[in-house]
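Enquirer: Sharing a sequence plus its predicted fold:
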Amino acid sequence: MATTSVPRLSLEAAKVAADGAQEKAKQMGMDFNIALVDSTLHLLHFTRMPSAKLTSIQISIDKAFTAAGHRAPTSAYQNKNFLPGGPAFGIHNSNGGRFSIIGGGIPIVIDGVTVGAIGVSTGTPAQDIECATAGVEAVEAWVRRRGGAKL
């Protein structure tokens, strides 16, 4: 076979994730930048809530890029391996400086396949993770309601 098919997050599913993250943000009393990328690492949907930090726009996009590309949450890189002197120190400079080691990027996995990711930024890493997790959970619930992975 000369070609393959790659499952990707749909725009509709990305909007579901963004809505879920925004709802959590409102519960938290905070505004965030919320980015969704598909499995090809391209930006699919972006929301900047009114008082979200302007300097966090690109950070949220890069968190999503990293989580989808490595199929792991960006919080996985918060350990001594990625700090100065660690064997993987400097990874944050890879991919044109887009590789994020700051918590808040989470892959969206459907039926065992990473179809995209959400990246959230403006709060602390723990707050960003909380908001991003709500987005992932919203997509997972949406998929269950629809009876399957057709994104």
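Expert: Yep, it's here.
Enquirer: alpha carbons only for contacts and neighbour counts from here, please
Expert: Fine.
Enquirer: any idea where the strands of the protein begin and end?
Expert: Using DSSP state E, the strands found in the chain span residues 33-38, 43-48, 105-110, 113-121.
Enquirer: and residue 142, which of these is closest to it?
Expert: Nearest to residue 142, of all the strands of the chain, is strand 105-110, at 11.2 Å by Cα to Cα.
Enquirer: Quick one: list the elements packing against that closest one.
Expert: Helices and strands touching strand 105-110, by 3 or more Cα pairs under 8 Å, 6 or more residues apart in numbering; DSSP states H and E, are helix 57-70, strand 113-121, helix 125-146.
Enquirer: looking at those, which is buried most?
Expert: Highest mean neighbour count of the helices and strands packed on strand 105-110: strand 113-121, a mean of 30 (counted as mean count of other Cα atoms under 10 Å).
Enquirer: Paired strands for that strand, with orientation please.
Expert: strand 33-38 (antiparallel), strand 105-110 (antiparallel) (DSSP bridges).
Enquirer: Tell me which residues touch the nearest residue to residue 106 once chain neighbours are set aside, please.
Expert: The shortest distance from residue 106 to any non-neighbouring residue, by Cα to Cα, 6 or more residues apart in numbering, is to residue 73 (4.4 Å). The contact partners of residue 73, by Cα atoms under 8 Å, 6 or more residues apart in numbering, come to 66-67, 103-107.
Enquirer: Tell me which of the helices and strands packed on strand 105-110 lies nearest to residue 34.
Expert: strand 113-121 (4.7 Å).
Enquirer: So what's the residue count around the residue lying closest to residue 82 once chain neighbours are set aside?
Expert: Among residues not flanking residue 82 along the chain, residue 89 sits closest, at 4.3 Å (Cα to Cα, 6+ apart). Look at residue 89: counted by other Cα atoms under 10 Å, it has 13 neighbours.
Enquirer: Of the contacts of residue 73, which is the nearest to residue 25?
Expert: residue 104 (13.0 Å).
Enquirer: ok, residue 87 - contacts?
Expert: Contacts of residue 87 by Cα under 8 Å, 6+ apart are residue 81.
Enquirer: Could you check how far it is from residue 73?
Expert: According to Cα to Cα, to the nearest Å, residue 87 stands 19 Å off from residue 73.
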